[in-house]
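[1] Fold the following for me, if possible:
(chains A and B)
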Amino acid sequence: MSIDADTIRHLSEVSVSVELQTEDMTLNIGPQHPSTHGVLRLVARVDGERAFDVQPVIGYMHRGYEKLAEVRTYPQITTIVNRIDWVAGYANEIPFITAAEKIMELEVPPRAQYIRLILTEMARICSHLVFMASYPLELGAASPLFFALRERERVLDLLEGVTGGRFHPNFNRIGGVKPAYGSGSMTRKWVQDLPAGFYRDTRAAMDRVLEVCDELDNLVAGNEIILARTKGVGVIPVDVAASYGLSGPNLRASGVPFDLRKMEHYLPYDELDWNVVTGTNGDCYDRWWCRLQEIRESAKMIQQAIDQVPEGPIQAKVPKVIKVPKGETYVRAENPKGEMGYYLVTDGGNGPYRVKIRSASFSNLSILPWALEGALIPDIIAIMGSLDFVLGDVDR
Amino acid sequence: MSSRTVPGSGLWKGMWVLLYTMVRTIFKPKKYLATVNYPKVKETPVARARGVIALDQEACTVCMLCARNCPDWCIYIEGHKEEIPPDKPGGRIKVRNKLDRFDIDYALCMYCGICVEVCPFDALFWSPEYEYSEAQMGDMMHDMDKLQDWLATVPDQPELEK
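    Just a heads-up that it's a prediction; the model follows:
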């Protein structure tokens, strides 16, 4: 490059001030970024290496489930709510079905409740194992992915063996779990109870899950780089977490023992011996650690629950065409991602009048502008990944 | 855990895990291999797996319950009434519903299984078969003869836990 005389004169006249005024840049992350767990777009104003004014742009995956639910019957809605948080499809059904049962004042048989509990905890293990797989990957470690996803596949096989679906089980019915397979009065009725060998396979799978937790503990928590990138990064204090409506492991990592499984008695959790895991600092590492401990707690819960599954029917007596009487209720449950609630308004028909879905990821994501204020650009991915949201759960 | 170690020791530890796992998998593939070589080796899905819906044309009475209960209305049914002559002279003429068209659009299907569940005559079954992907979306529409062919793949249901 040749420099002409004008440029040289121009360069000589440039005076550099002590405080360098740099121009802000707008950085656009997503909507198609692998670490955004779906289609989330972040618009950040970047000053050097620091990000300010991070605005999440959501809605790319809006499917209108609240509206769709208004024109469908109760059994049909179960298939829709499966797809809200697809990583733990089974856990989404529970609060919705419980809400309808609450309005109908229906007593669910204990065996069905235990089956629900076991499968919900399996869904929680699957969801947290996906986090165990994806979070180190976002930080640049590829091998935990294979450890975690291998074990998740075994747990998903168990879920599929009972329900018939890996991701979208559609197994809950009002009054219990799916009773029969061809409800035909003519020939055979295939009862959808637990298949033979389920207890044995579950025990083996839970042992493996506990084993892989130790492996992951060793692999991830023993890695200096991951510790350097997560410890003290993205600290969310208790009051901020509470004011943004965080729930689930994200809130518990900040030190609040808020667990709806202990507070709301929608499933027989109080008959099992387990602890609520809480972190101390509320940083990215604690959120990772909380989820790892929750996998262990869930595995222990399942091990206890399969010893205590009572005998009996798996569905209460319900009419063939289910009509829920007029009423309204709000039922919340502890999803793997946090608090999931359904505000259900019914008008006596065979479909609801209005369903408002409170999904955990939406509230968890709302803290992003606060948490990313002044964060380094590499930390954007670390903080965003540690909140563990699924965009299907955000946009619905 | 966060105490400083010798620089580079983590690398060797990682290499050791890699080597150990690799040797383990090579010598005991049955126990440690987590994947299968798909088109050559196939995994058997569980008996309850919701793969494809099979239709028993004889059992179907064109009651349309499945089409009405489908959450995304992907079942198309047409039928007509048919008179069956009486078995013996002077008997009553029976009227039966005959199936003309039974299409399931698998491009739309959500695999929820409600149609199988509501069928009062046991005409629909789940088969764990999964290899029916198509290059054209329109070919995902399975007609009644194709659905009848799936009936051969319907397995017996598993034994229940005692």
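[2] Have a look at the chain and report its longest helix.
    Going with chain A. helix A:110-138 (DSSP state H).
[3] my bad, chain B
    Assigned via DSSP H, chain B shows its longest helix as helix B:9-27.
[4] Tell me the helices and strands packed up against that helix.
    Helix B:9-27 is packed against helix A:143-163, helix B:29-32, with contacts defined by 3 or more Cβ pairs under 8 Å, 6 or more residues apart in numbering or on different chains; DSSP states H and E. The C-beta positions use only the backbone N, C-alpha and C, and glycine is treated the same way.
[5] So which elements touch the longest one?
    By that I understand helix A:143-163. Partner elements for helix A:143-163 (3+ Cβ pairs under 8 Å, 6+ apart): helix A:110-138, helix A:198-216, helix B:9-27.
[6] try 10 Å this time
    Counting contacts by 3 or more Cβ pairs under 10 Å, 6 or more residues apart in numbering or on different chains; DSSP states H and E, helix A:143-163 packs against helix A:89-104, helix A:110-138, helix A:198-216, helix A:284-308, helix B:9-27.
[7] what's the residue nearest to the spatial centre of chain A in contact with, if anything?
    The structure's chain A has its C-alpha centroid closest to residue A:337; by Cα atoms, centre = their mean the separation is 2.9 Å. Neighbour list for residue A:337: A:85, A:87-88, A:91-92, A:124, A:127-128, A:131, A:247-250, A:359-364, A:387-390, A:393-394 [criterion: Cβ atoms under 10 Å, 6 or more residues apart in numbering or on different chains].
[8] cool, residue B:84 as well?
    Counted by Cβ under 10 Å, 6+ apart, residue B:84 has contacts B:92-96, B:98.
[9] Counting only strands, which of those residues make the cut?
    Members of the contacts of residue B:84 lying in strands (criterion: DSSP state E): B:94-96, B:98.
[10] Relative to the whole chain's centre, how far out is the longest helix of chain A?
    Put simply, helix A:110-138 sits 9 Å off its chain's centre (Cα atoms, centre = their mean, to the nearest Å).
[11] Burial check on residue A:312, number of neighbours?
    When neighbours are counted by other Cβ atoms under 10 Å in any protein chain shown, residue A:312 registers 10.
[12] And for residue B:60?
    So residue B:60, with other Cβ under 10 Å, has 22 neighbours.
[13] Find the nearest non-adjacent residue to it, please.
    Distances taken as Cβ to Cβ, 6 or more residues apart in numbering or on different chains put residue B:123 closest to residue B:60, at 4.1 Å, once the chain neighbours are dropped.
[14] wait, doesn't the one you found sit right on residue B:97?
    No. Residue B:123 is not in contact with residue B:97 according to Cβ atoms under 10 Å; the separation is 11.7 Å.
[15] between these two, which one's more packed in?
    Comparing residue B:123 with residue B:97 by neighbour count (other Cβ under 10 Å), the higher total belongs to residue B:123, at 26 against 14.
[16] can you give me the strands for chain B?
    Going by DSSP E, chain B shows strands at B:52-55, B:75-84, B:94-105, B:124-127, B:141-142.
[17] any low-confidence regions in chain B?
    By pLDDT under 70, the low-scoring segments of chain B are B:1-5, B:162.
[18] residue contacts, the spatially most central residue of it?
    Nearest to the geometric centre of chain B sits residue B:51, at 1.2 Å (Cα atoms, centre = their mean). By Cβ under 10 Å, 6+ apart, the contact list for residue B:51 reads A:164, B:45, B:111, B:126-132, B:150, B:153.
[19] give me that answer again for 7 Å
    B:45, B:126-130 (Cβ atoms under 7 Å, 6 or more residues apart in numbering or on different chains).
[20] most surrounded residue in these?
    residue B:126 (26 neighbours).
[21] how much space between that one and residue A:21?
    67 Å (Cβ to Cβ, to the nearest Å).
[22] before we move on, what about residue A:310?
    For residue A:310, the distance to residue A:21 - Cβ to Cβ - is 72 Å.
[23] who's more crowded, those two?
    Neighbours per residue, other Cβ under 10 Å: of residue A:310 and residue A:21, the larger number sits with residue A:310, 11 against 5.
[24] burial measure for the closest residue to the more buried one other than its chain neighbours, as a count.
    In space, and not counting its chain neighbours, residue A:310 is closest to residue A:110: 4.8 Å by Cβ to Cβ, 6+ apart. A count of nearby residues for residue A:110, using other Cβ under 10 Å, gives 17.
[25] right, and residue A:110 touches residue A:311 too?
    No. If you go by Cβ atoms under 7 Å, residue A:110 and residue A:311 don't touch, sitting 9.1 Å apart.
[26] just the ones in strands among the contacts of residue B:84 now: which is nearest residue A:373?
    residue B:98 (69.2 Å; Cβ to Cβ).
[27] which ones are touching the closest one?
    Per Cβ under 7 Å, 6+ apart, neighbours of residue B:98: B:79-80, B:82.
[28] For the stretch 1-150 of chain A, list the residues in contact with chain B, please.
    Within the stretch 1-150 of chain A, the positions near chain B by Cβ under 7 Å from any Cβ of the partner chain are A:72, A:75-76, A:79-80, A:150.
[29] any idea how far residue A:195 lies from residue B:40?
    For residue A:195 relative to residue B:40 (Cβ to Cβ), the value is 28 Å.
[30] of the two, who's got more company?
    residue A:195 (18 against 6).
[31] So the more buried one sits against residue A:163, correct?
    No. In this structure, residue A:195 is not within contact of residue A:163 by Cβ under 7 Å, at 10.4 Å.
[32] can you confirm residue A:257 is in a strand?
    No. Per DSSP: H, G, I helix; E, B strand; the rest coil, residue A:257 lies outside any strand segment and is coil.
[33] Was I right to think it contacts residue A:278?
    Yes. Between residue A:257 and residue A:278 there is a contact at 5.1 Å, judged by Cβ under 7 Å.
[34] Among the two, which residue is more densely surrounded?
    Taking neighbours as other Cβ under 10 Å, residue A:257 and residue A:278 compare with residue A:278 leading, 19 against 11.
[35] got a list of what that one touches?
    A:252, A:255-257 are the contacts of residue A:278 under Cβ under 7 Å, 6+ apart.
[36] ok so, going back, any chance of the contacts of residue B:51 in TSV with distance to chain A as columns?
    Shown next, in TSV, are those (distance: Cβ to the nearest Cβ, whole Å):
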residue	distance to chain A
B:45	8
B:126	7
B:127	11
B:128	9
B:129	13
B:130	11
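[37] Could you identify the most distant pair in those residues?
    B:126 and B:130 (11.5 Å).
[38] So which bits of chain B are right by chain A?
    B:1-2, B:10, B:34, B:46, B:48-50, B:71, B:110-114, B:116-122, B:126, B:157-161.
[39] out of the residues you listed, which are inside helices?
    B:10, B:114, B:116-118.
[40] would you turn these into TSV with neighbour count?
    Formatted as TSV, those follow (neighbours: other Cβ atoms under 10 Å in any protein chain shown):
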residue	neighbour count
B:10	14
B:114	19
B:116	21
B:117	23
B:118	20
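[41] secondary structure element for residue A:363?
    Secondary structure assignment for residue A:363, by DSSP states H and E: helix A:360-365.
[42] Mean confidence (pLDDT) on that helix, please.
    The average pLDDT for helix A:360-365 rounds to 88.
[43] ok, now stretch A:49-57?
    On average, stretch A:49-57 scores 85.
[44] Any of the contacts of residue B:98 buried? List them.
    With burial judged by 16 or more other Cβ atoms under 10 Å in any protein chain shown, the buried subset of the contacts of residue B:98 is residue B:79.
[45] And the contacts of residue B:98, which is closest to residue A:284?
    residue B:79 (60.5 Å).
[46] which residues sit in contact with that closest one?
    B:62, B:97-100.
[47] Not counting its neighbours along the chain, what's nearest it?
    residue B:62 is the one closest to residue B:79 (Cβ to Cβ, 6+ apart), at 3.5 Å.
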